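**Student:** Show me the folded form of this:
(one chain, ligands or ions: 1)
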Amino acid sequence: MSSYLLCDQPKVVQEPGPDKIKEEIKSKVLRPGLWCCLLYARCWMSEAGCWVSEAGCWVSEAGCWVSEAGCWVSEAGCWVSEAGCWVPLGLVGLVTGGASGLGRGTAEHLVKHGGRVVICDLPSSKGREAAKQLAGNGAFVPVDVTSEDDVKNALQTTVDKFGRLDVVVNCAGIITASRVYNVKKDQPFDLKAFQRTIDVNLIGTFNVIRLAVGLISKNASDGDGQRGVIINTSSVAAFDGQIGQAAYSASKAGIVGMTLPLARDLAKQGIRVVTIAPGMFRTPLVDAMPEKVLRELEAGVPFPSRLGQPHEFALLVQSIIQNPMLNGETIRLDGALRMQ
Ligand SMILES: NC(=O)c1ccc[n+]([C@@H]2O[C@H](COP(=O)([O-])OP(=O)(O)OC[C@H]3O[C@@H](n4cnc5c(N)ncnc54)[C@H](O)[C@@H]3O)[C@@H](O)[C@H]2O)c1
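**Tutor:** Numbering: from 1, shown residues only. Okay, the predicted model is just below:
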């Protein structure tokens, strides 16, 4: 993977050192329009400020992250460490469910940071509109993730348009809510609805992975032997499913369950597999819920006591892509929410 992401001629940003950083904060060099975490003075000021402790410095948007290992510059697209320089510019991603919510936020984030993205979503989705917003760096392919032909077609389009595939982000999913037995109606859970939930959320995710790895395997590997990353979306319902969530929880627990064996299967090819288990995020999926229910859900999140935003999900996607030691694991992203 890093043959594309590693700079041939790394733009090395000099690590300024703690005194220089303090000086720059004082002289406001690091201020305009940014927020930064400088790990030396133990202070946090969002938007225009900084947080300082012992390891380095983070400046988003136009700035840099400086640690003992090096420096990451987002706009200029450069990560410098002992291993070299990682440049998100040009990364090619395929995002399922990319027409809406978490998937759309991820596609936008990757493109904003120099990537190119193929959005895969249902023909009835807003995929075309979402891809249009990504200008020349995005494409939409109508895909039902449960269909082999659709996914193969999306992979072919990825190669035709962008030449390769580095990262898959599986976000396509549906939610089903029903008790196993409705006493009033003397009605058991509709088996077709259960099967459809497993089909889309679990089998659809696996279908995309199994077909995409052949293409990712063709990438040249970096110094670590890495060729690409697969990121799946589970849910906290995989661990603390609520009443009515039997189908949804089972589908999401299946994704958690296959994460480690898939990472082991793909280790030889240098492809990492990581799953994100989001708590409650503000997307069309949850927008459909009554406002009162949303308020109750927010109140149940210890901190921050609100729904997450798609760009916060995308930030974790970015971290997973950038950190080669993350593999075979499910990461909760939930503000410490534990559903009852
Ligand atoms: N929003 C949350 O709070 C939350 C929490 C936990 C997990 N999740 C999971 O995150 C993922 C994204 O959810 P979201 O909130 O962005 O929902 P969303 O409804 O906004 O987006 C889901 C997308 O998946 C697409 N999709 C559905 N079935 C598909 C299929 N068969 N083939 C291709 N695309 C299909 C939809 O068209 C839609 O664009 C889902 O897997 C969901 O289960 C969401």
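
**Student:** near the ligand, which residues of the stretch 51-200 of the chain?
**Tutor:** Residues of the stretch 51-200 of the chain lying close to the ligand (CB under 6 Å from any ligand atom) are 96-97, 99-103, 121-122, 125, 143-146, 171-174, 200. C-beta coordinates here come from the backbone N, C-alpha and C atoms, glycine included.

**Student:** Show me the residues you listed that map onto helices.
**Tutor:** Judged by DSSP state H, these include 101, 102, 103 as members of helices.

**Student:** What about the residues of the stretch 51-200 of the chain next to the ligand, which are in strands?
**Tutor:** 96, 121 (DSSP state E).

**Student:** and stretch 318-329, how far apart are its ends?
**Tutor:** Distance between the boundary residues of stretch 318-329 (CA to CA, to the nearest Å) amounts to 15 Å.

**Student:** likewise stretch 264-280?
**Tutor:** The first and final residues of stretch 264-280 sit 30 Å from each other (CA to CA).

**Student:** Same check on stretch 267-275?
**Tutor:** Distance across stretch 267-275, first residue to last, is 16 Å (CA to CA).

**Student:** before we move on, what about stretch 332-340?
**Tutor:** Stretch 332-340: ends 16 Å apart by CA to CA.

**Student:** Please renumber the chain so that the first residue is 53 from this point on.
**Tutor:** OK, 53 is where the count begins now, so the last one is stretch 384-392.

**Student:** Pull up the gap between residue 223 and residue 334, please.
**Tutor:** For residue 223, the distance to residue 334 equals 15 Å [CB to CB, to the nearest Å].

**Student:** So between these two, which is more surrounded?
**Tutor:** residue 223 (31 against 18; other CB atoms under 10 Å).

**Student:** The more buried one touches residue 159, doesn't it?
**Tutor:** No. The pair residue 223 / residue 159 is not scored as a contact, 9.1 Å apart, by CB atoms under 8 Å.

**Student:** so what's in contact with the two at the same time?
**Tutor:** 147, 150 (CB atoms under 8 Å, 6 or more residues apart in numbering).

**Student:** Can I get the ones in helices among the residues of the stretch 103-252 of the chain next to the ligand in TSV including pLDDT and neighbour count?
**Tutor:** Formatted as TSV, these follow (pLDDT from 0 to 100; neighbours: other CB atoms under 10 Å):
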residue	pLDDT	neighbour count
153	98	21
154	98	29
155	98	30
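
**Student:** Identify, from those residues, the entry nearest to residue 238.
**Tutor:** Among these, residue 153 lies closest to residue 238 (CB to CB), at 35.9 Å.

**Student:** residues near the residue nearest to the closest one when sequence neighbours are not counted, how many?
**Tutor:** Setting aside the residues directly before and after it, residue 153 is nearest to residue 335 in space (CB to CB, 6 or more residues apart in numbering), at 2.9 Å. If you count neighbours by other CB under 10 Å, residue 335 ends up with 22.

**Student:** what does residue 208 give?
**Tutor:** Per other CB under 10 Å, the neighbour tally for residue 208 reads 12.

**Student:** What of residue 332?
**Tutor:** The burial count for residue 332: 22, using other CB under 10 Å.

**Student:** Pull the contacting residues for it.
**Tutor:** 338, 349, 350, 353, 359, 360, 386, 389.

**Student:** Restrict those residues to the buried ones and give me that as a PyMOL selection.
**Tutor:** Applying 16 or more other CB atoms under 10 Å to the contacts of residue 332, the buried members can be selected in PyMOL as follows:
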select buried, resi 349+350+353+359+360+386+389
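
**Student:** so where do the helices sit in this structure?
**Tutor:** 54-57, 69-78, 153-164, 179-185, 200-214, 243-249, 256-268, 298-318, 336-339, 343-351, 362-374.

**Student:** Please identify the deepest-packed of those.
**Tutor:** helix 153-164 (a mean of 25; mean count of other CB atoms under 10 Å).

**Student:** just how off-centre is that helix within its chain?
**Tutor:** Taking CA atoms, centre = their mean, to the nearest Å, one finds the center of helix 153-164 at 8 Å from the center of the full chain.

**Student:** between it and helix 362-374, how many degrees?
**Tutor:** Relative orientation of helix 153-164 versus helix 362-374 (axes from the mean of the first three to the mean of the last three CA atoms, to 10 degrees): 60 degrees.

**Student:** Before I go, just wanted to say thanks for your time.
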